[in-house]
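# Model the following, please.
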Amino acid sequence: QVQLVESGGGLVQAGASLRLSCVASRMPVRMYAMGWFRQAPGKEREVVASISYSGSDTYYADSVKGRFTISRDNARQTVTLQMNRLEPEDTAVYYCAADINGIGPKSKDSLYDYWGQGTQVTVSS
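Here you go, the predicted structure:
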């Protein structure tokens, strides 16, 4: 059973930084595109960032461009989301996802096959 485990969430003030990590097990993460999504209360889940299997291509939602950076370390089976200059609007549960049918970064959650349990990020004003 494929497992994705997120960590690094927490409560911070606006302007602060957080670093989310997603560790994959029972799957060769080096072969798959990965993504970070988030879901705020009362809102639909939305893409935050995604990365190709090699790490050479990335995609970012407009709302996080210039503030967030997605990266991966295939040797450590890890995908990371560095979040800088956090805003209250970034408050959400953040999910890591794996796309086992593609190699390029994807923005639609329906294209991802495996999901983590999520980690809460709360940004106070």
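# Please tell me I have it right and Tyr53 contacts Met27.
No: using CB atoms under 8 Å, Tyr53 makes no contact with Met27, being 11.8 Å away. Yep, even glycine has a C-beta here, placed from its N, CA and C like the rest.
# Who has more neighbours out of the two?
Tyr53 (20 against 17; other CB atoms under 10 Å).
# tell me the contacts of the more buried one?
By CB atoms under 8 Å, 6 or more residues apart in numbering, the residues touching Tyr53 are 30-33, 103.
# What does the pLDDT read for it?
Note on Tyr53: pLDDT of 93.
# what separates the closest residue to it other than its chain neighbours from Gly66, distance-wise?
Using CB to CB, 6 or more residues apart in numbering and skipping residues adjacent in sequence, the residue nearest Tyr53 is Ile103, 4.4 Å away. If you measure Ile103 against Gly66 using CB to CB, to the nearest Å, the figure is 26 Å.
# what does Ala24 give?
27 Å.
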